[in-house]
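> Fold the following and give me the result.
(chains A, B, C and D)
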Protein chains: 4
Amino acid sequence: MHPRTTRGAASIVPPPPWHYSGDVLTLEYRTEPANVAALLPAGVDLAPEDPGAVALIWADWQSCSDSGEELLDPVRSQYKECFVVVRCARAGTTYSRCVFIWVDKDFALARGWYQGYPKKIGAMWMTRPVTVGTAGPRLEAGGVIGATLAANDRRLAEARFTISGPSQAGGFVNALPMLHSRWMPSIDPDAPPALDELVTMSSTNVDLGPVVTGEADVRLFDAPGEELATLEPLETIAGYWRQVGATFTGGERLI
Amino acid sequence: MHPRTTRGAASIVPPPPWHYSGDVLTLEYRTEPANVAALLPAGVDLAPEDPGAVALIWADWQSCSDSGEELLDPVRSQYKECFVVVRCARAGTTYSRCVFIWVDKDFALARGWYQGYPKKIGAMWMTRPVTVGTAGPRLEAGGVIGATLAANDRRLAEARFTISGPSQAGGFVNALPMLHSRWMPSIDPDAPPALDELVTMSSTNVDLGPVVTGEADVRLFDAPGEELATLEPLETIAGYWRQVGATFTGGERLI
Amino acid sequence: MHPRTTRGAASIVPPPPWHYSGDVLTLEYRTEPANVAALLPAGVDLAPEDPGAVALIWADWQSCSDSGEELLDPVRSQYKECFVVVRCARAGTTYSRCVFIWVDKDFALARGWYQGYPKKIGAMWMTRPVTVGTAGPRLEAGGVIGATLAANDRRLAEARFTISGPSQAGGFVNALPMLHSRWMPSIDPDAPPALDELVTMSSTNVDLGPVVTGEADVRLFDAPGEELATLEPLETIAGYWRQVGATFTGGERLI
Amino acid sequence: MHPRTTRGAASIVPPPPWHYSGDVLTLEYRTEPANVAALLPAGVDLAPEDPGAVALIWADWQSCSDSGEELLDPVRSQYKECFVVVRCARAGTTYSRCVFIWVDKDFALARGWYQGYPKKIGAMWMTRPVTVGTAGPRLEAGGVIGATLAANDRRLAEARFTISGPSQAGGFVNALPMLHSRWMPSIDPDAPPALDELVTMSSTNVDLGPVVTGEADVRLFDAPGEELATLEPLETIAGYWRQVGATFTGGERLI
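The predicted structure follows:
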């Protein structure tokens, strides 16, 4: 990706595969299906079942390219993100789709634009479970994890996850192959888009840690230039916390 | 641009026109022409005259869309950038071209990717001239302006500009229509690029303040993931500081 | 100041005098006097006239020590702040007093603690007037300046200043010698404070630019760990914008 | 601490006790003892044995007051720090002493100034060990952890820790009661200090996780306004990584 040079060392992100290890908090709830529909592109429909289901996800990642060199310069490896996943349907298949996402590093933003994640820069925080001392919850019943999202100096979301116990499942909204749009307007604002693709992708080498589940409490706040708060929670489903490892090797263009 | 919704309020940046007013420090010097050539895409050649000329530019901008609403929420309006411009030739025309650029806001990064500026996130600082007190230079002979660039917690550039006096000219390297690449790899890493355009653009409504000129001193530092330091200064030309207003309304695709 | 070494080069801030040049936006309004009284230390009373007057001030500073070296490494020279000044009385004299203040650099925080300004770290933005282009107001009737304050990813204040025209005066709330508390609890939480002083100070070498005045609109937002919103605006007085230069050389201990 | 109000809710940090849980990387090496002596206050001597021993420590903390409310708003709970500990002797007792320290939150800076840690603001990164996926080391032989420190957009330290295996010990330099200076100059620059104390303190409720040890590689870089690089490594001792829980309840004034 940019900037491109003969030597190839300056790119905002090295080429895939990209490897990820991190903590993932998934809070699932239901909103009005019409709120989800307003975020889907033409030709993509609501999921046939539970179409208003939303997953609000915080993740604290360490990531690297195949060389792994970023891991030893962790400012280039670690990033946090908060994102919203819904489900949708196209040509008889149900997909997961990320409709909003904020990250706190430029290399993560660039990878997202490549993958069709509509990334912006934000500020994310998530309570870490602890194994020593008292400054944090244990990963056991009664432990509480807080999470916040801000952009442009405004809080956009606050959430709490109260652990009830172990779980086999880790949520269903973000569990399908992704259906993403890659899009770039034409340099001539009156011309049709220069890039307008639907792509699908899945993670590989998925390595999942144990899950704890519990109660999810989500609050969204309106802000200029944001539409996150349109996905107003009507009914909470559940929350999940787990550690996740995965690799991204590329995707497939559908249109 | 992303994220796209029915309501259209969540985009990382509103559609053009985009208006800019700011302070611009331009430091021109010469490097080995081969260093410039290594940054040009296939089919684009060195400029026929003075092919090793480089402009290292710091700018402190306020910007807005036509509504101007961002101006009253200045976290969404102000940003700083540092960028490198060289000249190049294609099909008998000489252009300016931005080869490296760092900004400190996501909306500016998104606008850059739209325009073909290969933007990353960085941290930029530039001494401000003052009209009261002693904590800053006056815009007059002997005044000194410092400027720094960092990314990923490393200094990439440090510069000083010592004013000698007023000037008619404001530099020649960044004075031509821009020749930029818009580029996005395919979601399948083995496929050809999904977007690979050469575009040109020029500012409109250019409103220039008076220029001061003087001596430029530029130091570049190497860092992992960066190639800025390949543009090693061999000979300084001159520096310029001025206030600039301009509007961007779109560009034209060449290929 | 800390850290102290034999060589003396590591201090978070060099010794005074400290020189300042910057843009200052002052928005004056009235709150309930009881809200002001709740922020005054024992032995300090409300001002005898207009005791509920408040100045909410944004400043964008460039500052340096006598050597001026920070000016050429502007990350160590530039900072922004937002602060609240009230008036108060002690032993027959009326003073100005800063009750809340946020800055965005550690050297500024350290200077504040030395001076008795109760500084925290925050994020401040203020629209800059422009002289070229359309991305900003002119310093003339009808120009509008926005200003925001955030801390811990939450908006604490938003303000607008609509210029009506030039002014001789620049506000009265922050115009008196300061009465500040310097305070450090004992390392033994049960012992009396280790440092508990009332000090007064004034700027020297004050160099004021022309003033524009106009209408002030202030909104304050509550947040955990903050009491700014207790100073609820009941009636606006006026706003002022000017450039200010000044030097701080030290103060005087009263108690 | 500041700002003090009648309601008491605005303080930059709530009163102790303060609870901590976090990851701690300790890299021990030897420098010239004279480099350590240059950082000790009058009346404090080098440690009688191994006086040039230095511990360079990175920590990634979650912390809270007794209420624990900060844990659910983690922007007010989590912070990173990098600090340098040496040993010293006074009145027949050998102590640990922090000579330089950088943190990334204001509440942590304020707690440090209260405790006598000479804190500045910096940017710290430390590789996290992982249990899933490939984007990080396992806490086992061969795992490598990188750590960096920057301030004012300059790298001040880079380190690598290569795990050789489990360990009983966790380092000796930072293992003694702390001997810290609490210091505030007078508001009159010509007067003696307003606060000049030697204090000692120890953590309570110390809850230690298992230790891994290994090889330490430390590089320090000079920068204006910093003296960290004076502690040049001559010989490495060892590195240690462990999780630590502790509580701070206050200290004792010695002088």
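> got the contact list for the longest helix along chain A?
The longest helix of chain A (DSSP state H) is helix A:106-115. Here helix A:106-115 makes contact (Cβ atoms under 8 Å, 6 or more residues apart in numbering or on different chains) with A:1-2, A:12-13, A:18, A:61, A:63, A:76, A:79, A:81, A:101, A:103, A:117-121, A:178, A:180, A:182, A:199, A:201, A:248, A:251, B:2, B:106, B:109, B:113, B:120-121, B:184-185, B:187. Quick note: C-beta positions are derived from backbone N, CA and C, even for glycine.
> give me every residue that touches residue A:147.
With Cβ under 8 Å, 6+ apart, residue A:147 has these contacts: A:25, A:27, A:58, A:82, A:124-127, A:157-161, D:74.
> mind running it again at 10 Å?
Listed by Cβ atoms under 10 Å, 6 or more residues apart in numbering or on different chains, the contact set of residue A:147 reads A:25, A:27, A:56-58, A:60, A:80, A:82, A:124-127, A:157-161, A:218, A:239, D:72-74.
> With residue A:49 instead?
Here residue A:49 is in contact with A:87, A:89, A:94, A:172 (Cβ under 10 Å, 6+ apart).
> how near is the first one to chain C?
Here the criterion is Cβ to the nearest Cβ, to the nearest Å. By it, residue A:87 lies 30 Å from chain C.
> strand partners of the helix or strand hosting that residue, parallel vs antiparallel please.
Assigned by DSSP states H and E, residue A:87 belongs to strand A:78-90. Strand A:78-90 sits in its sheet next to strand A:45-46 (antiparallel), strand A:53-65 (antiparallel), strand A:93-103 (antiparallel), going by DSSP bridges.
> Of the contacts of residue A:147, which belong to strands?
A:25, A:27, A:56-58, A:60, A:80, A:82, A:124-126, A:157-161, A:218, A:239 (DSSP state E).
> which SS state does residue A:36 fall under?
helix (DSSP: H, G, I helix; E, B strand; the rest coil).
> who touches it in this structure?
A:30, A:46-47, A:51-54, A:84, A:86-88, A:97, A:99, A:230-231.
> For chain D, see how far away the closest residue to residue A:190 other than its chain neighbours is.
Computed as Cβ to Cβ, 6 or more residues apart in numbering or on different chains, the closest residue to residue A:190 that is not its neighbour in sequence is residue B:250, at 7.7 Å. Residue B:250 sits 35 Å away from chain D, taking Cβ to the nearest Cβ as the criterion.
> show me the contacts for residue B:250.
A:185-191, B:15-18, B:114-115, B:199, B:201, B:204.
> Next, give phi and psi for it.
Residue B:250 adopts backbone torsions of phi 130, psi 170, taken as degrees, to the nearest 10.
> Distance check, it against chain C.
Residue B:250 is 17 Å from chain C, by Cβ to the nearest Cβ.
> Now find how far off-centre stretch A:193-212 is within its chain.
The chain centre lies 10 Å from the centre of stretch A:193-212; the measure is Cα atoms, centre = their mean, to the nearest Å.
> buried set for that stretch?
Residues of stretch A:193-212 classed as buried by neighbour count (16 or more other Cβ atoms under 10 Å in any protein chain shown): A:194-195, A:197-201, A:207, A:209, A:211-212.
> Show the average pLDDT along it.
Stretch A:193-212 carries an average pLDDT of 97.
> From one end of that stretch to the other, what's the distance?
Stretch A:193-212 has an end-to-end distance of 44 Å (Cα to Cα, to the nearest Å).
> That one and chain B, any residue contact?
Yes - applying Cβ under 10 Å from any Cβ of the partner chain, one finds stretch A:193-212 in contact with chain B at A:193-201.
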